[in-house]
Every structure is written in C-alpha cells, then in structure tokens.
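Student: okay, here's the prediction I keep looking at, along with the sequence it came from:
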Amino acid sequence: MPFDVVVIGGGVNALTAASYLAKAGRKVTIVCPTDQIGGLCSRHEFYPGFTSPGILYDTSMFRSWVVDELGLKDHGLTYAKSTKTLAFGKDQHIILSEHIDETAEEIAKVSSSDAKNYKEMKAFYGKISGPIIQFLNTIPADIVDPQSSDLWSLFKRGFQLRKLGKKDMLEVLRLAPMAVYDWLDEWFENDGLKAALALLAVTESYSGPWSPGTNANLLIQQVSRGSSVKGDGLALVSALEKAAKSFGAHFETKAKVSAIQPGKGVDLEDNSFIEAKTIVAACGPKNVFLEMMDARHLSNTFEQRVTKFRTRGLCSQLLLAVNKAPSLVGNGEANRILIAEDLDSIERAFDPIKYDEVTSHPCLEIYLPSQEHNDLAPTGQAVISVLIHYTPYSLKGGWTGEAREKLCDNVIETLDNKIPGIKQSIVGKELLTPQDIQERYDLSGGQLCEGEHALDQLLVRPTPECSQYKTPFDGLYLCSGGSFPGGGLTGAPGALAVKMVLRK
Amino acid sequence: MIKFVSKPKTSSYDAVIVGGGHNGLVCAAYLAKAGKKVLVVEKRPLVGGAAVSEQIAPGFIFSTFSYVVSLFRPHIIRQLNLVKHGLQIIPMETTYNPIPGDKGLVRWADAGRTRHEIARFSQKDASLYSEFGLAMGRLSRFTKNIIDTTAPQPASLNPKELFKLLKMGKIFKNFDGNMRYLNVKLMTMSAIDFLQEWFESEPLLPSMAGSGIIGTFMGIRSPGTAYVLLHHYMGEIDGAYRAWGFSIGGTGQISLACAKSALSFGAEIITDAAVDHIDIKNGRARGIVLENGDDIKAGTVISCLDPNRTFLKMVGEHELSENFITQIKRYKNRGSSGKVNLALSRLPNFRDGRPGQHHLKGDITIAPTIDYVERAYDEAKYGEYSKRPFLNIVIPSLSDPSVAPPGKHVLSAFVQYAPYNIKEGADKWPDKREAFGNAVIDTIEEYCPDIRSCIIHKQIISPWDIEKMTGLTEGNIFQGELSLEQLAFLRPVAEWSRYRTPISKLWMCGSGTHPGGGLMGAPGELAAKTMLTEGGV
C-alpha cells in the first residue's frame, strides 16, 4: 500500500516534518533506523540499569510557532519554569538562567560592571532579534542561483534590517563575522563569564573562540533562545511522537534505508520496499547522497559539493553511571554544568584537534537528566552526560583502549575538581568518540549539527542545489540539521522543508 | 636624490597632510594636481612611512618594512606619471617552497613548468592549478570593483548608493552559478578549507594559504582568510594578473616617485618635522602644531596616520564623543609580524640540489606543512613569537644589483607570527628581540646550513620596533587588521568609512580607511578624489 510521503530518520526534524505532512492530510510513514525514536535524543542502556538520554538535550531553541502549529501542548509538552546552568570558571561559579535580572544578580557577585553590561547586551540582542529571527524562520533565498522570488526575499531581509536604524544595522553587519573572543572582550571583563557564554557557540564548528565567524553562532543562539521544554529533549521527542501519531503518521522502527529511489520510494535493508512519490530525508546530506543514492545518478559537480560539505566531529560524550546523585552548589537546581576557565582555555582545548591530538584539559558541557527522568537510573542513583570539547575524529595513533581510558581519566579528574566526590560514585561509564557517535547515530563525522556551523555553510547549506530543501531529484527533499538553519533541537529545518514540499 | 627641508615655506595651506606615507603622498599629488596648495609633514628624515628603502650597512639598501609590490593601482601610476618620476618594477618570476632534504616546490611564471613541479607532489593538483588561477582571476575582477571605488554604504538610503550596490549585485549576477558559489565561499571560508576544495598536497597547500595570513592575526585555518588569497591574484603590473614585483632600488623608490610627482604638481613636503597635535577649535580642524612649537594653518587637515594615532594622540579624546572613542579603541591593530633584514657576504647555499639561482629570484616561502603554519599561529595566540615561524623571504639583490655591493646580497625575511602583545608585555620586546631574530635565523638555517657564515650585518625588527620607527599602532602593517568586520563600510568604523571624521575639516587618507593596507595607493587616491568632489578641500 503506497504512502504519499516517506520520512527517513527518527529525530526531532523527522518527527516535525512528518507531523506537518500528516496534519496537511498526507499519508506519511516515518522509517527510523533504530528501535528507539528520537535520533540524538533517543535512549540506550549504556550500563546495566542506566540509560543514556541521548546527546542533545537543549530545547530552548525549539521554535514556539512549531509548538503552536502542531499543538504540542495537547500532547504533553509543557515549558520548564527555569533552566539553570552552573558555570564553573577558575575559582568561581556563576548560575545562568533565562531570567536576565536573576542572571545579572549572579554575575554581580563576580563583577558589577559585567552585570550591567550583561543586561545591556541582552537588551541589544532583544532589539536586533526581529529581522534575524525572521531570517532563521524563512526558507532561505537561493543566493547562488537567485530567481526573482529570491531577490525579493533578499530585498525584504535587507529592508527589515535597515528598519532597525542605520547604527544597529551596521552593528549587526559588524558583529556577525567577528570572533566570539573579540566580541565578548568588548563587553565583559570576567574570564569565567566570557567562557560560559562562548563555549556553546564555538563548539558547533571546527573553531575556537579566536576563530572569526563564531560570533554569528553566538548571535543566532542568543536571539533564538526561549523557554526550555520541561523534561528537555526526551520530553520534546515524546510530545512530537504523540502529535505525529494523532495526525495519523505511521511509524516503522528498526527500518534502515538501503537505497532511495526518488519519485518511487525507498528500499529497506530487509529487502522490503516502501512506495511513496515523495521522500523527505531527515538524515545528513552525506548519508542521503553518498550512501543511499546510486553514485551514477549524481553529477560530478554535485557529488563533489556534497563530499566537500564539512562535517568534522569535534566532541565526545562520556556517559557516567553514578550511585549517588552529585551534590552541586546553588541548591542543586541546575541540571546543566559548564566547565571552562577562560576563553584561552577553550582555544587551548581546540588547538590539539587540528593535529589529531587531544587536550589533557578539556572543557566540559554536562547534563544531568535524572532529575526529570527518574527511569534512567535506579532510585537514588543517577546518569551524567558529559560532552567533551574538543576531541578529534581520528586520533593520532587511533582511539585505542589506552587513549580512551586516558581521556576518561582526564575528564573525571576535571569533574572531580569541581564536583568533589563524583569520582568515587562512578559505577559504570561509556565513552562515545566522534567515530562512535558516527556509528551509533549515523552521523557523518560524528558532527552533532550534521554539518559545521560556519558562515559559508549557513548561507548555502548544504549545497547550492539543495539550499532550499529541494534536491536535483524530483520528489526528494532534505530536512535534517544539514539544511538551513542548521543542527540542534530547533524543528526549523523540518518545518521549513515541509513548506517547500507542500508548495509543489 | 631629493633633499627635503624641515621648515615650510609659508604658514598657511589649503591642505596639510600629517604623515608622509605613500598614501599621504598620493593624496598630496592628487590634491596638488587639482590646484590645491598642499603640505606634507613627515616626522622621519625620509618619506614613505612603511614603504622606505634605507641603507642599513654600507652599500646595502633594504626595503626596511614593506618589500614587494603588486597591488599598487595601475591607474594611479598613470595619472601621477610615476614611471616618469622613477618608478620601475621588475616582476617576480618564481615562488619557491624549500623542503629540508628535498628539491622543494618552485612555481614559475611558465605554467607548464609549474604543472610539472606540482605533479611531483600530486597529479591532481597539477591538473587543477591553472583552472584555479583562471577562476581566481575572474573573481578578482569583482573585488577590483570594490577596491577602486569608495566603500559601498549598505545602510544608506541615498539612491546613488543603492545604485552602486545594485551594480555590484549585477556583476555578481553575471557570474555563472559555479562562480557565484565560489565567491560566497571565498568571502567566508578559511584559506585552508577553501584551498582544500581544490588541492590535496603539501607544500602547495600551505604555501598558497600563506598569502592569506600575511599581516593578519589569523591562522590559515581561520575563516575569512580565503578572501586575502585573492589579493595574490589581483596583483597587477602592466595589467598582468598575478604579478608581483620588486621596485628597483627598494620599496622606498615607490614613495619617492609619489613624492616627486607631488612636488612636480606644486605640493610641498617637509621631513624631520614631527606633528604634536592637530589644532582644533569648536569641532573644526584649523591646522597643526609641530613638536617644535611651529603653528601651521590649513583649510583642511588630512591624517595619513592610523585611526588610533589620529584620534587618540593627534586629536585627543576630549574633542570626540564617548561612543566614537569606544569604537576607535576597539578597532583592532594587533601587529603580528616582524622583519629580519640580513646583509650577506655571498648567496647562501640552499640545500636543494637545484642548479643556478633562478628559483631564488622571487619569493621564498617557509611553510612546509599546514600544521607547521598553524602551530606558528597557535603560539602567537598566547603571546609568544613563533619558534618556527612562517617566513616570506626575498633576495632582491638577485634581480636588482643596485641594492648591494658586487657579489654581495641583501636578504629580507618577513616573519609571522610576532605578536605585538607578548605575554611579558609589549615593552619587553627589546629584551626578546635578539632571541626572536635567532629563531628566524635558526629556521633559515634548516634550509641554508651556511646562512650564519654569510651574515655581515643583521637588522631585527619586532612589531614593537615597527611602532617605534614608523608610528604604526601596535606595529600593524595595514593600519588595522584586515578582518571582515574592519573592511569596506566598517573601516575604520561604521558611518565614518568615507575618509571624513567627526571633526569638521579633518579627513583621513591612510590604510586605516577603505580599501585598506598593502601598498595600493588606493586610500590616498580615493580620499583625495572624495574631498575634491565633496568640497572637502
């Protein structure tokens, strides 16, 4: 029995796209390669009794208009009152949240001028956010082969930017190509604060805080952030799954696509065939074109362009099973922790991966899921997810058992310094290097954004032919983080791709 | 030779130009040509700023700082009759990358020969090399359009400005899809990422990428450096793209030609005359005051100094708004390079087994691997000079015997990275200078084991020295970094990218204005033309 659309993948973008399509009356099936729905927010048991919450957890950039249009609140989605991040600097800690005044008060403990500037910077982001959010929530203009509609769209974007006033417009144009290092230096004096603000912006691409262009990532994060979903990534996936089902989407798990036949359907590895005129791929562009398509159908230029799409993984995940929930400063309200002393220490952690080496002083991004999800660990015990910035995809000498142990030891040592006692409470662990991440989640290079977030890969993502979710093949569309506006739990590529599908 | 005096003939001029750098001289020439009474005031005994030739040891003439020419705008050469005034440029024919224990890679003017050389490292790279050159040549025509006019003003609602943007859009549109995509990438990518889309082999990759970092505080992996590569394809001498050259008699001859041209149009130039400050009353520049107390009146004052020096030293913070001062202070200068100039008793022996000297006549780039260049940058980020730096070496005496006694040679090494702000503090550079020079000579020694025995005299210039000698803030050779946020309509700061300043009758004409540094003459020319059409002088 043929479907109208088959959606490949099981992550947030796949679920978003499938929901929209089903809602629009299309007969949709999702083919998810694993037994668990959720992609980078899916569970797996990594130690007897302890379950991983996946890699991505931050839902603060999930588009509120997608929540409304899909009615996700009717399917159990609620927003968290506040999300607290405990940021450790050298000999200090700051608790950051989405409440500006509250955060400013925290910052005032380390620097009163930074507290004042923090409010000012937030106000500045607020002022300029309009046109940037518009830009991020619209099908991007094709700037390589522009049609008149693209020129019109570009003109509108330019006009919206100009409406900010001359001064702010020029400031936006100035700040986007900057290095995060220089930008934060203009605002703040406290090293720990600067590092906490920079870390998540620079780790999306092959860059450290000194790299020009990283400030665009910070800008995008700052203007897109809103409230987080209560229960983070896992809860978001569950609401999306329920919504998709309520609209009538069909699910097929443990269904790995072996070949795409554009306009016809997809072949699965178990030799079955799913017929559908339209195929929407929520997996990385390299997976789609270099693995699931017959190379003979790709033009040379196109194949080259897909190959050159940069997907270098830079981060490993260490999952820890602990027999005692860690006790944190700040009443234990925070369920995220950042460890980065200053901007230079982030840069120094980045430097070695350029030579396929790994730092002995990693910067850490930690997520404690068990507070919301008590089914992940036995009662009284906990799971800790640690993202290690940075680690290379291919380590000189290989990711041998010894190299892995050394990395784990370094990470645990760093953790134990900030959260005393954590070392003794570890009962089990699992390390996922970029290669392991690639393997487990089918992510090219183990790149968590399905393609580095660099300026050139934002304006044209992933290639000129596919920058508007269409592909050179009729009936085949892309909607992963490898498409505009990029990776992370935003739902935007999924939602925007559907607009393009429904246009036809 | 021309002799300059240090006293002006009169006490009042239409325009006084602070700083006799090449842009100041070009600006003076254009204004004088238009009939204005112009005075150029230079603090050093010779004109040229960072484009000077100096005799450092008897008989040895060095281009102390700036050492090669490519971007000098051909129409300026024509309009100012610079050839008649002694400008003579010989093209550089080779780019040589030595590798220890190997013949290295030489790229020749002859395409076939270059292909053959590259093929030793990669067949694929050899076959793509000329295609790449063609593509870059086409793209550089787009960029030429940007550097030969005043900066576009995207925030302006003036129809003239919008028309200019549209015109640029049209050039962009006339490219085919491939070229447009290339252009987008070029403007945003790192030199290495960009080149790796074409090439695969070392030393070709780091050698080519090296030209993307010269004078910047960025590494070959830093986004934004691909654009600078284009400058290498934009170099034009007599209209030939990708041509670099030496000025006969050293780079200072270019400045001298500009000076002679300015004099021939009736401009006046004084040297050994340091300006103390610009005289401002009620927000309007009235003239300058020299360090010796002399007062010179001017209808218009034009600063050829960098923005930092112009506003914080010559104007003074009290004359400017807080917002403007903030913008000037955050304008990044960050010098990143030094020079080591060596007087040699004979030509050192490159251990490469290559016969003759022909391959040494162009520039010699020490950048054997990508990691080598990137590691050099890594050290600089944390305030140390590179122990094994990226070097761009020239031996101009091989092409121009006038700069050294017979049989002897001058070798000039451009060194990167040498951060102005070393971790001990910039003023500790004098203590580190010798060690820095040794690191450079050690590096050269790996390729020429006999270099030390050839040295008669050496001159080591750190960025701190550049600042002391030329006045360039933090020793930045471009009067401010050429990073995307400091280019075009943002150079030096937003809303003041058209040579005007917040002080009435004070203008700028140095490399700190659009289109930036690199011995182009363009800022001086565009500033003069803008002033003339907008009634600035």
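Tutor: In hand now; what should we look at?

Student: only C-alpha atoms for contact and neighbour calcs from this point on.
Tutor: Fine.

Student: need the contact partners of the strand or helix carrying residue B:257.
Tutor: Element membership of residue B:257, judged by DSSP states H and E, is helix B:252-264. Helix B:252-264 is touched from outside by B:21-22, B:25-26, B:28-30, B:32-33, B:47-48, B:51-54, B:63, B:80-83, B:85-87, B:247, B:268-269, with contacts defined as CA atoms under 8 Å, 6 or more residues apart in numbering or on different chains.

Student: narrow those to just the buried residues.
Tutor: Listed as buried from these are B:21-22, B:25-26, B:28-30, B:32-33, B:47-48, B:51-54, B:63, B:80-82, B:85-87, B:247, B:268-269; burial here means 16 or more other CA atoms under 10 Å in any protein chain shown.

Student: just the ones of those in helices?
Tutor: For the buried ones among the contacts of helix B:252-264, the ones inside helices are B:22, B:25-26, B:28-30, B:32-33, with DSSP state H as the criterion.

Student: quick one: which of those is nearest residue B:483?
Tutor: residue B:22 (22.2 Å; CA to CA).

Student: residues in contact with the closest one?
Tutor: Residues counted as contacts of residue B:22 (CA under 8 Å, 6+ apart) are B:47-49, B:51, B:254-255, B:258, B:519, B:521, B:524.

Student: which residues does whatever residue of the stretch 51-200 of chain A ends up closest to chain B contact?
Tutor: Nearest residue of the stretch 51-200 of chain A to chain B, counting by CA to the nearest CA: residue A:174, 4.8 Å away. Contacts for residue A:174 (CA under 8 Å, 6+ apart) come out as B:484-486, B:490.

Student: could you give the number of residues near the closest residue to chain A within chain B?
Tutor: Nearest to chain A in chain B, going by CA to the nearest CA, is residue B:485, at a distance of 4.8 Å. Neighbour count of residue B:485, defined by other CA atoms under 10 Å in any protein chain shown: 27.

Student: then residue B:3?
Tutor: Counted with other CA under 10 Å, residues neighbouring residue B:3 total 9.

Student: again with residue B:291
Tutor: Based on other CA under 10 Å, the number of other residues close to residue B:291 is 13.

Student: wouldn't it be in contact with residue B:278 here?
Tutor: No - if you go by CA atoms under 8 Å, residue B:291 and residue B:278 don't touch, sitting 11.0 Å apart.

Student: sorry, back to before: can you pick the most crowded of the contacts of residue A:174?
Tutor: residue B:485 (27 neighbours).

Student: how much space between that one and residue A:171?
Tutor: Between residue B:485 and residue A:171 the computed distance is 9 Å (CA to CA, to the nearest Å).

Student: with residue A:67 instead?
Tutor: 32 Å.

Student: which of the two has more neighbours?
Tutor: residue A:67 (18 against 15).

Student: doesn't that one belong to a helix?
Tutor: Yes - secondary structure of residue A:67 (DSSP: H, G, I helix; E, B strand; the rest coil): part of a helix.

Student: tell me the confidence at it?
Tutor: In the prediction, the pLDDT value recorded for residue A:67 is 98.

Student: gap between the strand or helix carrying residue B:230 and the chain center?
Tutor: Assessed by DSSP H and E, residue B:230 sits inside helix B:226-234. Counting by CA atoms, centre = their mean, to the nearest Å, helix B:226-234 is centred 13 Å from the centre of its parent chain.

Student: before we move on, the earlier item: can you add pLDDT and distance to residue B:330 and give the ones in helices among the buried ones among the contacts of helix B:252-264 back as JSON lines?
Tutor: Converted to JSON lines, these look like this (pLDDT from 0 to 100; distance: CA to CA, whole Å):
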{"residue": "B:22", "pLDDT": "97", "distance to residue B:330": "26"}
{"residue": "B:25", "pLDDT": "98", "distance to residue B:330": "28"}
{"residue": "B:26", "pLDDT": "98", "distance to residue B:330": "28"}
{"residue": "B:28", "pLDDT": "98", "distance to residue B:330": "29"}
{"residue": "B:29", "pLDDT": "98", "distance to residue B:330": "32"}
{"residue": "B:30", "pLDDT": "98", "distance to residue B:330": "32"}
{"residue": "B:32", "pLDDT": "98", "distance to residue B:330": "35"}
{"residue": "B:33", "pLDDT": "98", "distance to residue B:330": "36"}
